[in-house]
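> quick check, what structure comes out for this input:
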Amino acid sequence: MQEFWIYIYFNSEYARCAKLTVVDAGYELVYEEDYLALEGAIAIDPQNLPPYKQKYESDELFTAIIDSAPDYWGRELLNRKFSSVELAELEYVLANGLEHVGALAYSPLEFDIPMKLSPTGWVSHKKSNVVLEQIMEQTELLIKDVDGEKLKELFEYGPTLGGGKPKVSLVVDGELYIAKYATSLDSTPEQKIEYATMKMATDFGFKVPKIQIAKHLDRDVFMIERFDRKIKDGNIERDHFISALSLCDWHEFGKSDWSYPVLCECIRKAGSREDEIKEDLEELFKRVAFNIAVNNNDDDPRNHGLLFKEGKWRLSPLYDVVPKAIKGETFTMAMSIGIYETEASKRNLLSATKYFEIEEKKQKELLIK
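Alright, predicted model coming up:
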């Protein structure tokens, strides 16, 4: 049996909020009583793990904890770092840095501060000091299958974030950004495409973080400000985030379950005020319309989520909108929308307006915008 502390960033520091236990049948999670006694205690997951005094059990790792793990690119780096074909799901979480999305951290019970699993044991988290060009150079070495000793910074700071392509968290002009950089394997200028699409979304009035496009080592770098982090008095303040995948308790490979109507219902349950819930549902409706209009079918539930800010769960700002070339006149979305399921069409979106609480007289106005 293995036991770990779960920490959450609360009132400007990491607070020990729960114990995670690995048992024969799966996993158990119990909130700490001292944490539950705190005013405004934040839920690890508002839908599936509300902050109550009870034991939560699951035969698989809780999805809200998996949000702390990297996605494809970061997992590949950790596999190389640990000289392994594949790590266990929990190991990907425990071996990750603190730059992952959200506000959770972990350690074994013998420690009382967040720690990180390394090939040699448990180590403290290092302060990130990313030099983008160095990370980019080491990425190219990894592509060429160069020895791991020359990939120190990449292994240390590169695996922290999700996504299938290389990215890293860094400070730009005193603010935290995620930098997505091109590599020699790229066949399309994806960074420019994402920048142009997000700029268009900004012009349409969507909630979009600050964005930049730049050149480093003669390669394109798209940078987007982190909405779950800010620097205050020299320290990094963290806001908790949960992906739609976790909020709706979906499985990574359970695509048939992914649906906007279900996500709308989860947003309603997690919300605090009726006017804010309606605002978030309308924003989500417009995002679906935008994805259809720009041919973005990578709208999977990891690319939607809720952010806990100022004591409330709200739809997070827009992120990861990258149009793809499609063959033919129609295409399908990653998530089901309405009666025509995943069909990317106006008729399908209009068939689902009741879930987004869009009144008939407002439908045309929103779609024209």
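> thought residue 160 was touching residue 69?
No - with contact defined as CB atoms under 8 Å, residue 160 does not reach residue 69; the gap is 9.9 Å. From N, CA and C alone the C-beta is placed, and that goes for glycine too.
> who touches both of those two?
96, 100 (CB atoms under 8 Å, 6 or more residues apart in numbering).
> so what's residue 136 up against?
181, 183, 216-217, 219.
> if you set the cut-off to 7 Å instead, what comes out?
By CB atoms under 7 Å, 6 or more residues apart in numbering, residue 136 lies in contact with 181, 216-217, 219.
> which of these fall in strands?
In strands, defined here by DSSP state E, the members of the contacts of residue 136 are 181, 216, 219.
> how close does the residue nearest to residue 348 when sequence neighbours are not counted sit to residue 333?
The spatial neighbour of residue 348 that comes closest, neighbours along the chain excluded (CB to CB, 6 or more residues apart in numbering), is residue 340 at 4.0 Å. Distance of residue 340 to residue 333, computed by CB to CB, to the nearest Å: 10 Å.
> between the two, which one's more packed in?
Legend: neighbour count by other CB atoms under 10 Å for residue 340 and residue 333, higher for residue 333 (23 against 15).
> from residue 297, how far out is the more buried one?
Distance from residue 333 to residue 297, by CB to CB: 5 Å.
> list residues touching both of those two?
residue 344.
> am I right that residue 277 is in a strand?
No - using DSSP: H, G, I helix; E, B strand; the rest coil, the assignment for residue 277 is helix, not a strand.
> show me what contacts it?
267-268, 271.
> need the worst-confidence member of those.
In terms of pLDDT, the weakest of those is residue 271, which scores 93.
> ok so, going back, closest to residue 103 out of the ones in strands among the contacts of residue 136?
Checking those against residue 103 by CB to CB gives residue 181 as the nearest, at 25.7 Å.
> quick one: the closest one and residue 218 touch, right?
No - with contact defined as CB atoms under 7 Å, residue 181 does not reach residue 218; the gap is 11.3 Å.
> who has more neighbours out of the two?
Shown here are residue 181 and residue 218; by other CB under 10 Å, residue 181 has more neighbours (23 against 6).
> so what sits opposite that one in the bridge?
residue 221 (DSSP bridges).
> all helices of the stretch 101-250 of the chain, in order?
132-143, 152-157, 190-203, 244-247 (DSSP state H, counting those that start in this stretch).
> pick the most deeply packed of these.
Compared across the helices of the stretch 101-250 of the chain, helix 244-247 shows the largest average neighbour count, a mean of 25 (mean count of other CB atoms under 10 Å).
> can you list contacts of stretch 188-205?
Contacts for stretch 188-205 (CB under 7 Å, 6+ apart): 180, 182, 208, 211, 213, 220-222, 290, 294, 318, 321-323, 369.
> 6 Å instead?
180, 182, 208, 211, 213, 220, 222, 294, 318, 321-323 (CB atoms under 6 Å, 6 or more residues apart in numbering).
> and of those residues, the nearest to residue 1?
When those are compared for distance to residue 1 (CB to CB), residue 180 comes out closest, at 39.9 Å.
> as JSON lines, the contacts of stretch 188-205 with distance to residue 202 and pLDDT would be great.
As requested, those are arranged in JSON lines below (distance: CB to CB, whole Å; pLDDT from 0 to 100):
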{"residue": "180", "distance to residue 202": "17", "pLDDT": "96"}
{"residue": "182", "distance to residue 202": "22", "pLDDT": "95"}
{"residue": "208", "distance to residue 202": "5", "pLDDT": "97"}
{"residue": "211", "distance to residue 202": "7", "pLDDT": "97"}
{"residue": "213", "distance to residue 202": "13", "pLDDT": "97"}
{"residue": "220", "distance to residue 202": "19", "pLDDT": "96"}
{"residue": "222", "distance to residue 202": "14", "pLDDT": "97"}
{"residue": "294", "distance to residue 202": "13", "pLDDT": "94"}
{"residue": "318", "distance to residue 202": "9", "pLDDT": "97"}
{"residue": "321", "distance to residue 202": "11", "pLDDT": "95"}
{"residue": "322", "distance to residue 202": "15", "pLDDT": "92"}
{"residue": "323", "distance to residue 202": "15", "pLDDT": "92"}
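> got those as JSON lines, with distance to residue 239 columns?
Output for the contacts of stretch 188-205, formatted as JSON lines (distance: CB to CB, whole Å):
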{"residue": "180", "distance to residue 239": "21"}
{"residue": "182", "distance to residue 239": "29"}
{"residue": "208", "distance to residue 239": "17"}
{"residue": "211", "distance to residue 239": "19"}
{"residue": "213", "distance to residue 239": "25"}
{"residue": "220", "distance to residue 239": "29"}
{"residue": "222", "distance to residue 239": "22"}
{"residue": "294", "distance to residue 239": "28"}
{"residue": "318", "distance to residue 239": "16"}
{"residue": "321", "distance to residue 239": "21"}
{"residue": "322", "distance to residue 239": "24"}
{"residue": "323", "distance to residue 239": "28"}
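> as PDB, could you dump the C-alpha coordinates of the longest strand along the chain?
When the chain is parsed with DSSP E, its longest strand is strand 13-23. In PDB, the C-alpha atoms belonging to strand 13-23 read as follows (Å, rounded to 0.1, in the frame of the first residue of the first chain):
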ATOM      1  CA  GLU A  13       0.900  28.700  -0.100                       C
ATOM      2  CA  TYR A  14       0.600  24.900  -0.600                       C
ATOM      3  CA  ALA A  15      -1.800  23.500   1.900                       C
ATOM      4  CA  ARG A  16      -2.000  19.700   2.600                       C
ATOM      5  CA  CYS A  17      -5.500  19.000   1.600                       C
ATOM      6  CA  ALA A  18      -6.000  15.200   1.200                       C
ATOM      7  CA  LYS A  19      -4.400  11.800   1.400                       C
ATOM      8  CA  LEU A  20      -4.300   9.500  -1.700                       C
ATOM      9  CA  THR A  21      -3.900   5.800  -1.000                       C
ATOM     10  CA  VAL A  22      -3.100   3.100  -3.500                       C
ATOM     11  CA  VAL A  23      -4.900  -0.100  -2.600                       C
END
